[in-house]
Structures are given as C-alpha cells and as structure tokens.
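A.B. asks: 3D model of this:
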Amino acid sequence: MTPVGVTSLGIVVNIALGVVKIGVGVATASQALLADGLHSVSDLVTDAAVLVGLRVSGKPPDADHHFGHRRVTTIVTMFVGAALLVTAGWIIYRAVAAHSEIHATDGMGLAFLVALVSVAPKEYLFRITVSVGRKTGDSSVLANAWHHRTDAFTSVAAAVGLGGIVLGGPRFAFLDHLTAVVLSSFLVVTSLRFLRDSVNELIDRAPMQATIECIERTISETSGVVGFHALRIRGAGGMLTLDVHVLVDPELSVVEGHDIATAVRGRILACGCDVLDAVVHVEPARQEDEQAPPADAGGRQ
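C.D. replies: So this is what the prediction gives:
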C-alpha cells in the first residue's frame with residue numbers, strides 16, 4: 001500500500017469511528033465516549049494533514065510560490081489545532097459542570113462496547129501505517145502511525161472507565177466524567193503540539209540541537225570539505241530545508257567544487273534528518289581554513 005493509500009484508509013476509519021463514538025456518546029450521555037470520539041477526530045486531522053502534505057506540498061515551485069507549497073500543511077494544522085483545543089476545553093467544562101446531573105447509568109453498556117470494539121481497528125491501522133512508513137522512509141507517515149496508536153490507548157482508557165460504571169452501578173457514574181477529563185487532556189496535549197509545531201515552522205525556528213549536530217557532522221565528513229559556515233535550517237511542512245556555505249581548496253576547478261557541493265547535498269538528504277532540500281554554496285578556503293581542525297571540533301567558519 002502507498003503512503004496516500006494508507007492515509008486515505010486512515011481517514012475512512014477515523015470518520016467511521018468518530019461518527020459512531022460521538023453519536024453513541026451523545027445518545028448515552030457518556031462524556032468519556034464523546035471525548036474518545038473527538039480524539040478520533042484528532043487522528044482524522046493528522047490524516048488530512050499528511051494527505052495534503054503528500055498531494056499538495058509535493059507540487060513543484062511555480063511563479064507564485066518559489067519555495068513550493070509545503071507551508072499549506074502548516075497553516076491548515078495550525079487552525080485545526082486551535083479548533084481542537086477549543087473543543088477539548090468544552091468537553092472538560094461539560095464534564096465538570098454536569099458531574100452531578102447524571103445519576104443513572106442507562107446506555108453505559110453500549111458506550112463500553114463501542115469503546116472496547118474500537119481498539120482493534122485503531123491498532124490495525126497503526127500496524128499497517130507503520131509498515132508503509134518504514135518501507136517508504138516517510139517520517140510524516142510514521143508519525144501519523146503513532147498518533148493512531150495514541151487513539152487506541154485512549155479507547156482502552158475509555159473502556160476501562162465505562163466498564164467500571166457498568167460493573168459498579170450508579171455510584172461509579174463519576175468515572176464517566178473523570179475519564180472524559182482525562183481523555184480530553186490527551187486532546188489538549190495533541191492540540192498544543194499541533195499549534196507549537198505550526199508556529200515554530202512559521203517563525204522559522206531551527207530544529208533540535210541533536211538534528212543540527214547530525215547535519216553538521218554530515219557536512220564536515222564529506223570528502224573535499226575544508227570547513228563550512230552560515231548553516232541555516234528551518235522547518236517546512238514537517239520536513240527541513242537548509243542552506244550552507246562550504247569551503248573547498250581554492251585550487252580546485254569550478255567543476256570539482258560543484259561536485260563537492262553536489263556530494264554534500266546528497267549526503268544531507270540521505271542522512272536521516274528529514275531534510276527536504278538543501279542549497280549548498282561553494283567558497284574558496286583561505287590557508288588558515290585549510291589548517292583548521294574538522295568542523296565538529298570547532299572548524300565551523
């Protein structure tokens with residue numbers, strides 16, 4: 001199955017689960033199942049974001065978008081993250097405000113069954129998405145797979161809470177509200193992560209230091225590179241883009257310098273740091289540059 005195919009399957013599954021969970025949650029007044037259904041919707045959001053990333057952001061640059069279209073995914077995710085945050089807040093408010101309104105447990109058996117049965121398709125979706133992500137090396141697909149696993153965990157939590165109500169009777173009805181708050185908290189964390197990552201990309205924040213160091217090692221270990229400077233890295237739709245100036249022997253020909261730049265770019269794209277594109281500039285090294293230690297030991301120029 002292709003990344004687009006498995007992501008489309010995720011959309012279908014999450015729509016079905018979201019509709020059933022939210023519908024049964026409303027019908028049975030189960031705050032926990034309603035929160036679980038909204039968490040399934042959050043998986044639907046990531047599916048849609050990945051699908052947009054695969055279909056839209058992959059379009060080449062054009063006259064109006066010189067750097068391509070990957071930031072479309074960033075903007076969509078940011079707005080959806082805000083909407084999910086508001087929804088999670090509403091669920092928490094309802095669970096707390098209505099904690100004394102429900103004294104009967106009618107329908108909680110159905111809510112329990114729905115939560116329990118929904119674990120299986122989410123676990124299957126996780127496994128097949130992980131398989132496709134690993135085969136294709138697409139980090140966005142792999143990340144989406146783990147989000148499916150998170151939804152499976154929240155369904156387990158909902159089933160436990162609702163099961164306690166079914167077995168314990170009316171005196172355990174508070175578990176429905178408590179579970180709703182816990183599951184909505186997961187949704188809050190997911191929403192904040194969407195917002196944080198989107199804002200970081202829009203303000204061109206650099207990646208984690210470990211990623212920067214990995215890229216620096218890759219550059220400095222490329223044959224023919226004397227040193228480098230002006231390394232700039234930013235996010236773009238879940239991937240990274242960068243530009244860097246590498247220093248080479250000034251006696252090399254233009255062709256040889258270009259070959260080194262090509263090698264640097266190829267190694268960066270293949271280093272496993274999710275780099276989408278790299279622009280490598282070549283500069284002649286001065287004598288003191290050629291005598292400097294390797295870049296990872298202080299040779300960055």
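A.B. asks: only C-alpha atoms for contact and neighbour calcs from this point on.
C.D. replies: OK.
A.B. asks: all helices for the stretch 151-300 of the chain, in order.
C.D. replies: Assigned by DSSP state H, counting those that start in this stretch, the stretch 151-300 of the chain shows helices spanning 174-202, 209-220, 254-269, 287-290.
A.B. asks: quick one: mean pLDDT for the first one?
C.D. replies: To tie it back to what came earlier, the one meant is helix 174-202. For helix 174-202, mean pLDDT rounds to 80.
A.B. asks: ditto for the shortest one
C.D. replies: For helix 287-290, the mean per-residue pLDDT is 58.
A.B. asks: so of the helices of the stretch 151-300 of the chain, which one's packed in deepest?
C.D. replies: Burial of the helices of the stretch 151-300 of the chain is given as mean neighbour count (mean count of other CA atoms under 10 Å); helix 174-202 ranks first at a mean of 21.
A.B. asks: on that earlier part again, for the helices of the stretch 151-300 of the chain, give me CSV that also has distance to residue 142.
C.D. replies: Formatted as CSV, these follow (distance: least, CA to CA, whole Å):
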stretch, distance to residue 142
helix 174-202, 16
helix 209-220, 18
helix 254-269, 18
helix 287-290, 41
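A.B. asks: so, low pLDDT: which residues of this structure?
C.D. replies: Flagging of the chain using pLDDT under 70 yields the residue ranges 94-95, 98-107, 137-140, 170, 173, 176, 287-301.
A.B. asks: and with 50 instead?
C.D. replies: Residues of the chain that meet the criterion pLDDT under 50 lie in 100-103, 291-301.
A.B. asks: which residues of it fall in strands?
C.D. replies: Applying DSSP state E to the chain gives strands spanning 227-236, 239-248, 275-284.
A.B. asks: hmm, who's touching the last one?
C.D. replies: Contact with strand 275-284 is made by 239-250, 257-258, 261-262, 264-265, 268-269, as judged by CA atoms under 8 Å, 6 or more residues apart in numbering.
A.B. asks: got the strands of the chain as CSV, with distance to residue 109 and mean neighbour count columns?
C.D. replies: Below are those laid out as CSV (distance: least, CA to CA, whole Å; neighbours: other CA atoms under 10 Å):
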stretch, distance to residue 109, mean neighbour count
strand 227-236, 46, 20
strand 239-248, 44, 21
strand 275-284, 49, 17
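A.B. asks: what would those strands look like in CSV with distance to residue 93?
C.D. replies: Shown next, in CSV, are those (distance: least, CA to CA, whole Å):
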stretch, distance to residue 93
strand 227-236, 35
strand 239-248, 36
strand 275-284, 42
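A.B. asks: so which of these comes closest to residue 121?
C.D. replies: Taking CA to CA, strand 239-248 is the member of those nearest to residue 121, at 28.7 Å.
A.B. asks: adjacent strands (with direction) for the closest one?
C.D. replies: strand 227-236 (antiparallel), strand 275-284 (parallel) (DSSP bridges).
A.B. asks: tilt between that strand and helix 254-269?
C.D. replies: Angle between the axes of strand 239-248 and helix 254-269 is 150 degrees (criterion: axes from the mean of the first three to the mean of the last three CA atoms, to 10 degrees).
A.B. asks: got the angle for strand 239-248 vs helix 209-220?
C.D. replies: Angle, strand 239-248 to helix 209-220, by the same axes, to 10 degrees: 40 degrees.
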